[in-house]
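A.B. asks: got a predicted structure here, sequence first:
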Amino acid sequence: MTQPLIAPSLLAADFANLQRDLELVNRSEADYLHFDVMDGVFVPNISFGFPLLEAVRKHCTKPVDVHLMITDPDRYLDAFAEGGASVIHVHYEACPHLHRTLTRIRELGCKAGVALNPHTPISGLVDVLEQIDVILIMSVNPGFGGQSFIPHTLQKIADLKQVLIATQCPALIEVDGGVSLANADALLRAGTDMLVAGNSIFGAKDPLNAIHQLKNSHQPLVA
Ligand code: DX5
Ligand code: ZN
């Protein structure tokens, strides 16, 4: 059974004990650290930016998956690449020249990701599939951790998976928002490759075990 990639979301970590939480992620079966950047304009919240990325890079041994919830992300791509991002996700809704933006992310040596808000159809991606390494399906309205998973996401992922198969596109499907053990198996069955989880990891009594459980959440089908 294939295991999903797991990306704990730093937004739910204890910022007063950041080194402790980063070391926990280092010891865990997580594959990435998810890093949410919010500008207070594209989303109604402000999170963190370059100084924190710099501090995180000093202590985190996992590649960093940067999720830019900001307007005009092109202005900051170079800085996030220099800051050590492995994946840079821009929002479809924030990019009038998406092909150019994605091309630039790859030129900078990062994997190119596109995030779709819950109301954004997958059809807008068909002409840029060759430029995409990861598609980030938002399963909540972006801006805050700890929100409830939007169930329609499952159908959206299943539809996207069909498009990727039909076009032989190797892009990964990543899901972000309200992900937990309650929906992980269904998400993986629908075609998800990578699970982002904030509260269900850092809010758990035993975050290491929570990561282990998510990593092994794909249940074998019982005959
Ligand atoms: C929401 C962020 C998410 C958030 C997920 O806008 O993009 O990455 O941290 O948090 P949970 O898993 O708690 O919904
Ligand atoms: Zn995110």
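C.D. replies: In hand now; what should we look at? Numbers count the residues shown, from 1 in each chain. Ligands and ions are numbered 1, 2, ... in the order given.
A.B. asks: where does the protein get nearest to ligand 2, which residue?
C.D. replies: Proximity to ligand 2, evaluated over the chain using C-beta to the ion, is greatest for H67 at 3.7 Å. (Each C-beta comes from the backbone N, C-alpha and C, glycine too.)
A.B. asks: check whether that residue really touches L136, as I assumed.
C.D. replies: Yes - H67 is in contact with L136 according to C-beta atoms under 8 Å; the separation is 6.7 Å.
A.B. asks: hang on, the earlier thing: neighbouring strands - and their directions - for the helix or strand the residue of the chain closest to ligand 2 falls within?
C.D. replies: Per DSSP states H and E, H67 falls inside strand 64-69. Its sheet considered, strand 64-69 pairs with strand 33-38 (parallel), strand 85-91 (parallel) by DSSP bridges.
A.B. asks: in the sheet, who's paired with V134?
C.D. replies: On the basis of DSSP bridges, V134 is bridged to G113, L172.
A.B. asks: contacts only, for it.
C.D. replies: 87, 89, 111-114, 171-174, 194 (C-beta atoms under 8 Å, 6 or more residues apart in numbering).
A.B. asks: now with 6 Å?
C.D. replies: Applying C-beta atoms under 6 Å, 6 or more residues apart in numbering, we find V134 in contact with 87, 113, 172, 174.
A.B. asks: neighbours of the spatially closest residue to I6 that is not a sequence neighbour, how many?
C.D. replies: Excluding its sequence neighbours, the residue lying closest to I6 (C-beta to C-beta, 6 or more residues apart in numbering) is A30, at 4.8 Å. Applying other C-beta atoms under 10 Å, we find 23 residues neighbouring A30.
A.B. asks: secondary structure element for A30?
C.D. replies: Using DSSP H and E, no helix or strand contains A30.
A.B. asks: from what I see, it and L208 are in contact.
C.D. replies: No - using C-beta atoms under 6 Å, A30 is not in contact with L208; the gap is 9.4 Å.
A.B. asks: which neighbours do H67 and L136 have in common?
C.D. replies: If you check H67 and L136 against C-beta under 6 Å, 6+ apart, the residues they both contact are H89.
A.B. asks: please export the C-alpha coordinates of the lengthiest helix in the chain as PDB.
C.D. replies: The single longest helix within the chain, with elements called by DSSP state H, is helix 153-166. Provided in PDB are the C-alpha atoms of helix 153-166 (Å, rounded to 0.1, in the frame of the first residue of the first chain):
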ATOM      1  CA  THR A 153     -13.200  18.400  -1.900                       C
ATOM      2  CA  LEU A 154     -13.300  14.600  -2.200                       C
ATOM      3  CA  GLN A 155     -15.100  14.800  -5.600                       C
ATOM      4  CA  LYS A 156     -12.800  17.600  -6.700                       C
ATOM      5  CA  ILE A 157      -9.700  15.400  -6.000                       C
ATOM      6  CA  ALA A 158     -11.300  12.400  -7.800                       C
ATOM      7  CA  ASP A 159     -12.000  14.600 -10.800                       C
ATOM      8  CA  LEU A 160      -8.500  16.000 -10.800                       C
ATOM      9  CA  LYS A 161      -7.000  12.600 -10.500                       C
ATOM     10  CA  GLN A 162      -8.900  11.500 -13.700                       C
ATOM     11  CA  VAL A 163      -7.600  14.600 -15.500                       C
ATOM     12  CA  LEU A 164      -4.000  13.800 -14.500                       C
ATOM     13  CA  ILE A 165      -4.300  10.200 -15.600                       C
ATOM     14  CA  ALA A 166      -5.900  11.100 -18.900                       C
END
